[in-house]
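Engineer: Test case, fold it:
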Amino acid sequence: GASGSLLDSMAAALVESDAEGRLRSKEEEKYIDALIDAVRDGRSEQLPLLAKDQIGALLTPRYVALIRNRLEQIESEEDKLALLELNEFVVSVANSTQQTIGDLHGRQLTKVQALCAAAMRGGSQAVHEVALKLHEEDELAGDFVN
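Structural biologist: Below is the predicted model of the structure:
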């Protein structure tokens, strides 16, 4: 559905930006607490939007430590369900990210294979032609072509 494509977009952005701007620990705690509050308040459908700017913080060992800490502080079944729902969201982001990385890796290997085949076939001129074609298809950065 729509949230799946949003998750895929978020995962792609995460992969491409190399998880820029990971948060410091106190900021992480506030961020994760705000996400837990959103779930507890019945706004779990907003998690992709609420999390998108700082999604990298959810994919770190610090997240696991914070959630473990919150588990020890659980006061109600509602709190436990909120943590569970947030964690299910994080797992879906991690899975989507893993899939995106796999897809990106496969595309990169395909490009390398095409460039190597061109080199074997016709040397640097053929490599340049394949590089230009890949660049026109937005599959290869312009600085590689030049």
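Engineer: Residue ranges in the chain under the pLDDT threshold?
Structural biologist: Applying pLDDT under 70 to the chain flags residues 1-24, 139-146.
Engineer: let's see it at 80
Structural biologist: Applying pLDDT under 80 to the chain picks out residues 1-28, 134-135, 137-146.
Engineer: Show me what the lengthiest helix in it is packed against.
Structural biologist: If you go by DSSP state H, the chain has its longest helix at helix 77-136. Applying 3 or more Cβ pairs under 8 Å, 6 or more residues apart in numbering; DSSP states H and E, one finds that helix 77-136 contacts helix 2-17, helix 25-40, helix 47-51, helix 61-72, helix 142-145. C-beta here means a position set from N, CA and C on the backbone, and glycine is covered the same way.
Engineer: Which residue is the nearest non-sequential neighbour of the residue of the chain most remote from its centre?
Structural biologist: Among the C-alpha atoms of the chain, the one farthest from their average position, using Cα atoms, centre = their mean, is that of residue 122, at 38.2 Å. Spatial nearest neighbour of residue 122, excluding adjacent residues (Cβ to Cβ, 6 or more residues apart in numbering): residue 129 at 7.9 Å.
Engineer: what do you get for residue 58?
Structural biologist: Residue 58 sits nearest to residue 90 (Cβ to Cβ, 6+ apart), 4.8 Å away.
Engineer: distance between the longest helix of the chain and the chain's centre?
Structural biologist: 11 Å (Cα atoms, centre = their mean, to the nearest Å).
Engineer: circling back to that earlier point, any figure for the gap between the residue nearest to residue 58 and residue 129?
Structural biologist: 45 Å (Cβ to Cβ, to the nearest Å).
Engineer: The two: which has the busier surroundings?
Structural biologist: Using other Cβ atoms under 10 Å as the criterion, residue 90 and residue 129 rank with residue 90 on top: 20 against 12.
Engineer: dump the residue contacts of that one.
Structural biologist: By Cβ atoms under 8 Å, 6 or more residues apart in numbering, the contact list for residue 90 reads 58, 59, 63.
Engineer: doesn't residue 48 make contact with the first one?
Structural biologist: Right, residue 58. No. Counting by Cβ atoms under 8 Å, residue 58 stays clear of residue 48, with 11.3 Å between them.
Engineer: Could you check which of the two is surrounded by more residues?
Structural biologist: Ranked by neighbour count (other Cβ under 10 Å), residue 58 and residue 48 place residue 58 first, with 28 against 20.
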